[in-house]
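In: Below are the sequence and a predicted model; questions follow.
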2 protein chains.
Amino acid sequence: MSLTVLDRAEALRKALDAERAGGRAVGLVPTMGALHSGHTSLMARAAAECDVVVVSVFVNPLQFGPGEDLDAYPRDLDADRARVAAAGSSYLFAPAMSEMFPEPPLTTVTVAGLSETLEGATRPAHFAGVATTVTKLLSLAGPCRAYFGEKDYQQLAVIRRLARDLSLPVEVVGCPTVRDPDGLALSSRNRYLTGEERAVAPTLYAALVAGRRAIQDDHERDPEVVRAAMTSTVAKEPRFTLDYAEVVDAVDLTPINALSGELRLLIAAVLGRARLIDNLGAHA
Amino acid sequence: MSLTVLDRAEALRKALDAERAGGRAVGLVPTMGALHSGHTSLMARAAAECDVVVVSVFVNPLQFGPGEDLDAYPRDLDADRARVAAAGSSYLFAPAMSEMFPEPPLTTVTVAGLSETLEGATRPAHFAGVATTVTKLLSLAGPCRAYFGEKDYQQLAVIRRLARDLSLPVEVVGCPTVRDPDGLALSSRNRYLTGEERAVAPTLYAALVAGRRAIQDDHERDPEVVRAAMTSTVAKEPRFTLDYAEVVDAVDLTPINALSGELRLLIAAVLGRARLIDNLGAHA
């Protein structure tokens, strides 16, 4: 099985239309490149469930705010290509900015509510940028199953919702976060960490585990106590500047006064040059 | 040729997927019903250019503002069905509100710039409502040619732009406005007019013609003079309350200081219970 690399939007559309016309189901793995084993797990899942897999690599400028790391964001298309080929995917779609957006888009896709809390509180235009570009990618790819990591849990919720609201011909599939043995969630932004920062980075995951333990082992139902379990864990490591540590409804990401049902613990903190996020499911 | 009436979104998607799988090109005519000869001309154009034509009838609540005529908007599905059948269209898609939006959508599609002037100035959420529902209809219909009347010229510009920005698999086709012999543009809202109001309604078209004459016959290049030609025409008929009379670039709808190139004259006014709009092309 050989990998076809495409950089033209219409070439992608035609190739995938031809695959579907041949009766083959398409799996799409949208990424911003700098691929790691988390992405590989998405490709493997897509390969297991679909006949052809297309991986897109596009560092989406619309989802970066002023002062964020758009310019610094790691780019290594040769390494990405090797990883996509090794995973057995059929297509790599790696369009230039000028191909995706030959003119600055006037159109924006927004998802109210879900986009405004957590990541959206500190990154006000982030999810509109995600939603707009993902809608465009899904539109180019056509009917497919699209694979996204739970690592970006709020993003996954936003994309699920826009696909449903806009009746996109897409089944959105969320896949478990892949972690290093010490618990750190894989992320392209982990490359920003120094050795010393990397050593303490798993504290973020430890905080989520502490929050889950409070809910599931100690049967804590007060979200304030669960938040405190997380924040106190992070506070033990002074290199972190905590942004938020929350426990919310797993589907609509709204706060709950008395914890019950399917929940999600979400956390964000700055460590050195990196802003790291992570999350974990819990039930009460 | 018999007409298939569908009220389920997934039934529409499946039917049109099957048509395309059979090699037939799909034409879509999105409407809000209360069909008239303007709509018939869209169906005829679609039938001439496509193998199967689907007409959608959905009074889109998202594009009505508070105090606008959502409840009063004419609905007559039996008459619409007869007109669609007579035009030889293959499908009529007439979903209930609960089918299109089983839950209030959180997702909104907006088109900046184009949506904010003219109609957008007095109807701030109008084009977001249009863009969101049209994106959803286009997504349900799948790859097709979609036919819209130039009567709603700004709407056509908004839809062209969102289809391009989001890479929707759609060719947007604008079709000329159909007029009564006295010049009045056909509109479902003409039903709101009393006999006396109907008699003076062509004044709106006369104003556009006066504006075009100033540009094309008198070689006027000052937009203020062209606007004055339109407003003075409307002012002769005191039943009208003018909302705007503008001359703008035909593509991006921006004002031009010294008129040149392809232009569009647009006008809106209230007459009795009806708010009427119309537009006309001109070149300078």
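Out: Yep, that arrived. Worth saying up front: this structure is predicted, and the values here are computed from it rather than measured.
In: Close to chain B: what parts of chain A are there?
Out: With the criterion set to CB under 8 Å from any CB of the partner chain, chain A comes near chain B through A:9, A:13, A:17, A:21, A:105-114, A:131-132, A:135-136, A:139-140, A:142-143, A:161-162, A:165-169. For glycine as for every other residue, the C-beta is placed from the backbone atoms N, C-alpha and C.
In: hey, where'd the helices end up in the stretch 151-284 of chain A?
Out: Along the stretch 151-284 of chain A, the segments classed as helices by DSSP state H, counting those that start in this stretch run A:153-165, A:195-200, A:203-216, A:223-235.
In: circling back: let's see which of the residues of chain A next to chain B end up in strands.
Out: A:T107, A:T108, A:V109, A:T110, A:V111 (DSSP state E).
In: which ones are touching the fourth one?
Out: Listed by CB atoms under 8 Å, 6 or more residues apart in numbering or on different chains, the contact set of A:T110 reads A:F127, A:A128, A:A131, B:T107, B:T108, B:T110.
In: Let's verify the first one: helix, strand, or coil?
Out: In the three-state summary, A:F127 is assigned as helix, counting by DSSP: H, G, I helix; E, B strand; the rest coil.
In: got a list of what it touches?
Out: By CB under 8 Å, 6+ apart, the contact list for A:F127 reads A:Q63, A:T110, A:V111, A:L114, A:S115, A:E119, A:G120, A:Q154, A:Q155, A:V158.
In: Including pLDDT, could the residues you listed go into JSON lines?
Out: Conversion of the contacts of A:F127 to JSON lines gives the following (pLDDT from 0 to 100):
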{"residue": "A:Q63", "pLDDT": "97"}
{"residue": "A:T110", "pLDDT": "98"}
{"residue": "A:V111", "pLDDT": "98"}
{"residue": "A:L114", "pLDDT": "96"}
{"residue": "A:S115", "pLDDT": "95"}
{"residue": "A:E119", "pLDDT": "97"}
{"residue": "A:G120", "pLDDT": "96"}
{"residue": "A:Q154", "pLDDT": "98"}
{"residue": "A:Q155", "pLDDT": "98"}
{"residue": "A:V158", "pLDDT": "98"}
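In: so which of those residues comes closest to B:E99?
Out: Minimum separation from B:E99 among those (CB to CB) is found for A:V111, which lies at 21.0 Å.
In: ok, what's across the strand from the closest one?
Out: With beta bridges defined as DSSP bridges, A:V111 has these partners: B:T107.
In: Please tell me I have it right and it contacts A:V158.
Out: Yes: the pair A:V111 and A:V158 passes the contact test of CB atoms under 8 Å, sitting 4.8 Å apart.
In: Got the phi and psi for A:L259?
Out: Its backbone dihedrals place A:L259 at phi -60, psi 130, with angles given as degrees, to the nearest 10.
In: and it, how far is that from A:Y153?
Out: Between A:L259 and A:Y153 the distance, using CB to CB, to the nearest Å, works out to 17 Å.
In: Give me the more crowded residue out of these two.
Out: A count of neighbours by other CB atoms under 10 Å in any protein chain shown puts A:Y153 above the other of A:L259 and A:Y153, at 25 against 21.
In: Measure how buried the closest residue to chain B within the stretch 1-150 of chain A is and give me the count.
Out: For the stretch 1-150 of chain A and chain B, the shortest gap (CB to the nearest CB) falls at A:T107, measuring 3.6 Å. When neighbours are defined as other CB under 10 Å, A:T107 has 22 of them.
In: I'd say it and B:R160 touch.
Out: No: with contact defined as CB under 8 Å, A:T107 does not count as touching B:R160 (10.7 Å).
In: And A:V111 and A:V158? Which one has more around it.
Out: A:V158 (29 against 24).
In: related to what we said a few turns ago, export the helices of the stretch 151-284 of chain A to JSON lines and tack on distance to B:S89?
Out: Output for the helices of the stretch 151-284 of chain A, formatted as JSON lines (distance: least, CB to CB, whole Å):
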{"stretch": "helix A:153-165", "distance to B:S89": "27"}
{"stretch": "helix A:195-200", "distance to B:S89": "63"}
{"stretch": "helix A:203-216", "distance to B:S89": "55"}
{"stretch": "helix A:223-235", "distance to B:S89": "55"}
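In: Okay, and A:D80 sits in which element?
Out: helix A:77-86 (DSSP states H and E).
In: now for that helix, which elements pack on it?
Out: Using 3 or more CB pairs under 8 Å, 6 or more residues apart in numbering or on different chains; DSSP states H and E, the elements in contact with helix A:77-86 are helix A:37-49, strand A:52-57, strand A:91-93.
In: I'd like the distance from the longest one to the chain centre, please.
Out: With CA atoms, centre = their mean, to the nearest Å as the basis, the distance from the averaged C-alpha position of helix A:37-49 to the chain average is 14 Å.
In: which strands and helices sit next to that helix?
Out: strand A:26-31, strand A:52-57, helix A:77-86, strand A:144-149, strand A:170-175.
In: Serialize those to CSV and add fields for distance to B:S232.
Out: Supplementary listing: the helices and strands packed on helix A:37-49 in CSV, determined by distance: least, CB to CB, whole Å:
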stretch, distance to B:S232
strand A:26-31, 56
strand A:52-57, 56
helix A:77-86, 62
strand A:144-149, 56
strand A:170-175, 54
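In: Switch those over to JSON lines, and while doing so, append mean pLDDT and distance to A:A207 to every line.
Out: Listed next are the helices and strands packed on helix A:37-49 as JSON lines, based on pLDDT from 0 to 100; distance: least, CB to CB, whole Å:
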{"stretch": "strand A:26-31", "mean pLDDT": "98", "distance to A:A207": "27"}
{"stretch": "strand A:52-57", "mean pLDDT": "98", "distance to A:A207": "31"}
{"stretch": "helix A:77-86", "mean pLDDT": "98", "distance to A:A207": "30"}
{"stretch": "strand A:144-149", "mean pLDDT": "98", "distance to A:A207": "20"}
{"stretch": "strand A:170-175", "mean pLDDT": "98", "distance to A:A207": "22"}
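In: Redo those as JSON lines? Include distance to B:T231 and mean neighbour count.
Out: JSON lines is the format used below for the helices and strands packed on helix A:37-49 (distance: least, CB to CB, whole Å; neighbours: other CB atoms under 10 Å in any protein chain shown):
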{"stretch": "strand A:26-31", "distance to B:T231": "51", "mean neighbour count": "26"}
{"stretch": "strand A:52-57", "distance to B:T231": "51", "mean neighbour count": "26"}
{"stretch": "helix A:77-86", "distance to B:T231": "58", "mean neighbour count": "16"}
{"stretch": "strand A:144-149", "distance to B:T231": "52", "mean neighbour count": "23"}
{"stretch": "strand A:170-175", "distance to B:T231": "49", "mean neighbour count": "19"}
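In: if we can go back for a sec, now for A:V111 and A:V158: what residues contact both?
Out: With CB under 8 Å, 6+ apart applied, the overlap between the contact sets of A:V111 and A:V158 consists of A:F127, A:A131.
In: Tell me which helix or strand in chain A has the weakest average pLDDT.
Out: For chain A, the helix or strand with the lowest mean confidence is helix A:119-122, at a mean of 95 (criterion: mean pLDDT, DSSP states H and E).
In: chain center to it: distance?
Out: Helix A:119-122 has its C-alpha centroid displaced from the chain centroid by 15 Å (CA atoms, centre = their mean).
In: just stretch A:163-178 next, same as before
Out: Stretch A:163-178 has its average C-alpha position 12 Å from the chain's average C-alpha position, going by CA atoms, centre = their mean.
In: Now do the end-to-end distance for that stretch.
Out: For stretch A:163-178, the first-to-last residue distance is 25 Å (CA to CA, to the nearest Å).
In: contacting residues around the closest residue to A:S260 other than its chain neighbours?
Out: The shortest distance from A:S260 to any non-neighbouring residue, by CB to CB, 6 or more residues apart in numbering or on different chains, is to A:A284 (5.2 Å). Contact analysis of A:A284 by CB under 8 Å, 6+ apart lists A:I215, A:Q216, A:H219, A:R221, A:L259, A:S260, A:G261, A:L263.
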